[in-house]
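Visitor: what follows is a predicted protein model with its sequence.
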Amino acid sequence: MSHNLVIVPKTKIAERLATIVVAACVAALLYSIFKNPRFEWQIVFANFTAPALLKGLLVTLELTFFAVFFGFPLGTVLAAMRQADSRLLQSVSWFYVWVFRSVPMLVQLFFWFNIAALYPRLALTLPGLGELYSFPTNHVLTGFSAAVLALVLHDAAYTSEIIRTGLRSVPTGQRDAARALGFTNSGVMYNIVFPQAFRVILPAAGNQIISTLKATSVVSVIALQDVLYSAQEIYERTYDVIPLLIVASLWYLVVTSLLSMGQYWVEGRLSRKDQPL
Amino acid sequence: MSGLEISGFSRKISGKTILDNINLIVPSGQTCVLLGPSGSGKSTLLRCINHLDRIDSGIIRLNGEIIGYRQTGDKLYELSGGEIARQRTRIGMVFQQYNLFPHLSVLENIIIAPLKILKKKRGDVIDQALVLLKTVGLESHAHALPSSLSGGQQQRVAIVRALIMQPEVMLFDEPTAALDPELVQSMARLLKQLSEQAMTMVIVTHELSFARALQGNVAFMENGRIIEHGPSHDLFTHPQHVRTADFLRQS
């Protein structure tokens, strides 16, 4: 008769209880958000696509793009230096990563913004030829380029660690096998090491791009008109502090979500390549 | 002369002698088994043959050509990376852990080197790979990933990956180290088949039963030196050196 018995799964009392509590909290939160007039949702929606904000968003995206575009190659160079035989190259790379990961991004930004105090003029000088070309530092390091420089240098330190971890995740036996087949060093890297390291690098690199996007918000302290600073400019005029901070947050959410979707898409394509042909 | 010729090979790592004046000749088409306890330097010797590890002194010739260096006067200048890579295409190597590329299928593992290095036609290389896979009974696994194969199957893929380059010599590093006992004899049979096809081979092992099952010459190594060298049958039945006799008794 045993085949007639009904199977009853055990009741997860704690989980049911937690579900009820959390549901109540969520309901209370939503109620307060939509009932509290001081959120001023109509101002949020009115300003969501304000021209000044969209211009600010563009600056945020530009800063992120430049930071990643220059930061990743520089990070790759630093990672390669760390793997080199030369002790000096190793040490310089180690020192760089140590400094730029230890000093907060905000402090680095102030440094580059004020670098003219340290080096008032930049000059190209060659031994024997003297000074070829020189210009005031402040002409080159404007707010935007100082911000890009700070972001790039900061990003490169993190990127180099990500790439180094990826390269180290490939066992030396893989390099040996590829060399034994007759691959040159670049062939080993291109055909064997990078495709395997990429799987480790990609998720971390995606996170790094997202945190760079968020890190760009510090440039508002040097009055660079990114999406946060544009929101601040508006609320300093209208005193709608919270609605405009919500607008800025929503834009960060949108861009971060798009980046995450891109990351999932690339990772999905890579893991599909894991399947046999 | 044709074959593999090693003379005066020495290598030190931080003061410790790993290889000490190794002299060894493996005539073309013959098999040489490097036998000895672990740490005797036999795997290092194997890696030096295709210049994966460097030597401090000595010279190695494959079919008359110096491997890894160019002789000018009384000096040996190390070759460029590209030149060494080209020489390595003539030397097949099968690693102890096989080192198949996990991101490539069995077939891709086998065809990548002839495609990318020898620039052969894809269709030809695939045909050749399938024929070789069939000889080791793995043609149905061509599109599988290495991780889905057993150790013995992975090893046969590694052998095919080396053979498709049509090397002048094959190097095997402890081919039985990661195999189940019943697979050891089938490995010995496969190596014997290669030997019958006149493949020049250097096989490193510390396993006596496996070494006995192979034909050819045996070099017994200890502490970085070749202590005794001779035909397999002679060395196993009448070892000349007391250390060889000890090793044969203990194992």
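Guide: It's in. Numbers count the residues shown, from 1 in each chain, chains lettered A, B, ... in the order given.

Visitor: does residue A:61 touch residue A:255 like I think?
Guide: Yes - applying CB atoms under 8 Å as the test, residue A:61 and residue A:255 come out as touching, 7.2 Å apart. Every residue, glycine included, has its C-beta placed from N, CA and C.

Visitor: pLDDT score assigned to residue A:275?
Guide: Looking at residue A:275, its pLDDT stands at 46.

Visitor: ignore what I typed, I meant residue B:40.
Guide: On the pLDDT scale, residue B:40 gets 88.

Visitor: what does residue B:212 give?
Guide: Taking residue B:212 on its own, its pLDDT is 87.

Visitor: now it. Nearest residue, chain neighbours left out?
Guide: residue B:236 (6.0 Å; CB to CB, 6 or more residues apart in numbering or on different chains).

Visitor: what strand or helix carries that neighbour?
Guide: helix B:232-237 (DSSP states H and E).

Visitor: could you do residue B:246 as well?
Guide: helix B:242-250.

Visitor: repeat for residue A:264
Guide: Assigned by DSSP H and E, residue A:264 falls in helix A:241-274.

Visitor: for that helix, packing partners?
Guide: Helices and strands touching helix A:241-274, by 3 or more CB pairs under 8 Å, 6 or more residues apart in numbering or on different chains; DSSP states H and E, are helix A:41-48, helix A:51-83, helix A:194-215, helix A:227-238.

Visitor: give me the neighbour count for residue A:145.
Guide: The local packing of residue A:145 (other CB atoms under 10 Å in any protein chain shown) involves 14 other residues.

Visitor: mind listing what's buried along whatever helix or strand it lives in?
Guide: Using DSSP H and E, residue A:145 sits within helix A:143-168. Applying a neighbour-count criterion of 16 or more other CB atoms under 10 Å in any protein chain shown, one finds A:144, A:146-164, A:166-167 buried in helix A:143-168.

Visitor: around chain B, pick out the residues from the stretch 101-250 of chain A.
Guide: A:171, A:173-174, A:176-185, A:187, A:191-192, A:195-196, A:199 (CB under 8 Å from any CB of the partner chain).

Visitor: I'd like the next helix or strand past the lengthiest helix in chain B.
Guide: For chain B, the longest helix by residue count, based on DSSP state H, is helix B:181-196. Scanning forward in sequence from helix B:181-196 by DSSP H and E, the next helix or strand is strand B:201-205.

Visitor: partners of that following strand in the sheet?
Guide: Neighbouring strands of strand B:201-205 in its sheet, by DSSP bridges, are strand B:31-35 (parallel), strand B:169-173 (parallel).

Visitor: starting at the chain centroid, how far to it?
Guide: Taking CA atoms, centre = their mean, to the nearest Å, the mean C-alpha location of strand B:201-205 is offset from the chain mean by 5 Å.

Visitor: what angle sits between it and helix B:181-196?
Guide: 160 degrees (axes from the mean of the first three to the mean of the last three CA atoms, to 10 degrees).

Visitor: the following helix or strand past strand B:201-205 packs against which elements?
Guide: The first helix or strand that comes after strand B:201-205 along the chain, using DSSP H and E, is helix B:208-213. Secondary-structure packing of helix B:208-213 (3+ CB pairs under 8 Å, 6+ apart): strand B:31-35, helix B:181-196, helix B:232-237.

Visitor: following the strand or helix carrying residue A:178, which helix or strand comes up?
Guide: Using DSSP H and E, residue A:178 sits within helix A:172-181. Moving toward the C-terminus from helix A:172-181, the next helix or strand (DSSP H and E) is helix A:185-187.

Visitor: buried set for that following helix?
Guide: For helix A:185-187, by 16+ other CB under 10 Å, it's residue A:187.

Visitor: same check on stretch B:124-138?
Guide: Quick answer for stretch B:124-138 (16+ other CB under 10 Å): B:125-126, B:128-129, B:132-133, B:136, B:138.

Visitor: look up the pLDDT of residue A:62 for me, please.
Guide: At residue A:62, pLDDT is 95.

Visitor: just want the most central residue of chain B.
Guide: Central residue of chain B (CA atoms, centre = their mean): residue B:171, 1.0 Å from the mean position.

Visitor: fine by me, we can end here.
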